[in-house]
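Enquirer: Quick one: sequence and predicted model below, then my questions.
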Amino acid sequence: MNRRHAIVETPVDALLLVADGDALTGLYFQGYRYTPPASAQGPLVRASEDPALAQAERELGEYFAGTRHDFDIPAVTSGDPFQERVWAQLRQIPHGTTITYGDVAIALGDKVLAQSVGQAVGRNPVSIVIPCHRVLGAGGKLTGFGGGLKRKQFLLDLEEPASIRATRLF
C-alpha cells in the first residue's frame, strides 16, 4: 500500500484527495462525516509532486472550468457489495443529468431499496469523480449530500446544460 494525501483548493473549498498507487481512493469535502482518520490517509504530500494526485488536481481544475465532463483518473473504492453496486450505478450518470435515489434502486432491481441506496450514496468515498451529487430525492428534491446542499447545488449548476440555463428566469 502506497497511500498518501493532499489538500487542493477548489471553488467548493479545500478538498482532501487520497491516493493509493496510481488510483484516487478518496475525495472528501471539508466536514464530511465519513472522512477516514488521518492514520488511514497516509502522509501529506504536495499534489503537484505526485503523479496520481497531480492528475486528480488537474482534472478537477478542468471540471470546475467547465472543460471536463468525465474523469480519467482511476477511482478505486472498497465498500461492501451493495455499496459497490450503487457506486457503479453512479458512475453511469451522464454529466449534466440527474436521477433519483428511487431510479438507482429500480436499476438495482428493487424500488424498495431507495433508502439503502441513499445510505450508500452518502458514503461515496470519491465525490465528484463518482458523481453522487447527481442523485436527487423523489420529485427532483435537492436532498442529502455529504458536502452540503450548497455545494451540491453549485455542482449541479456547474453541469447544467447551457440550453437549459438560458431558459431559466433566475
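Expert: Good, I have the coordinates.

Enquirer: So which residue is smack in the middle of this structure?
Expert: Ranked by distance to the mean C-alpha position of the chain (CA atoms, centre = their mean), the top residue is residue 127 at 1.8 Å.

Enquirer: Per-residue confidence, residue 76, what does it come out as?
Expert: For residue 76, the model assigns a pLDDT of 97.

Enquirer: biggest helix in this protein by residues?
Expert: If each helix of the chain is counted by residues according to DSSP state H, the longest one is helix 51-65.

Enquirer: Packing partners of that one?
Expert: Packing partners of helix 51-65 (3 or more CB pairs under 8 Å, 6 or more residues apart in numbering; DSSP states H and E): strand 3-10, strand 13-20, strand 23-29. Any C-beta I mention is one placed from the backbone N, CA and C, and that applies to glycine too.

Enquirer: With respect to burial, which of those strands scores highest?
Expert: When these are scored by mean count of other CB atoms under 10 Å, the highest mean neighbour count falls to strand 23-29 (a mean of 22).

Enquirer: Give me the angle between that one and helix 51-65.
Expert: Interaxial angle, strand 23-29 versus helix 51-65 (axes from the mean of the first three to the mean of the last three CA atoms, to 10 degrees): 50 degrees.

Enquirer: Nice, that's everything, thank you.
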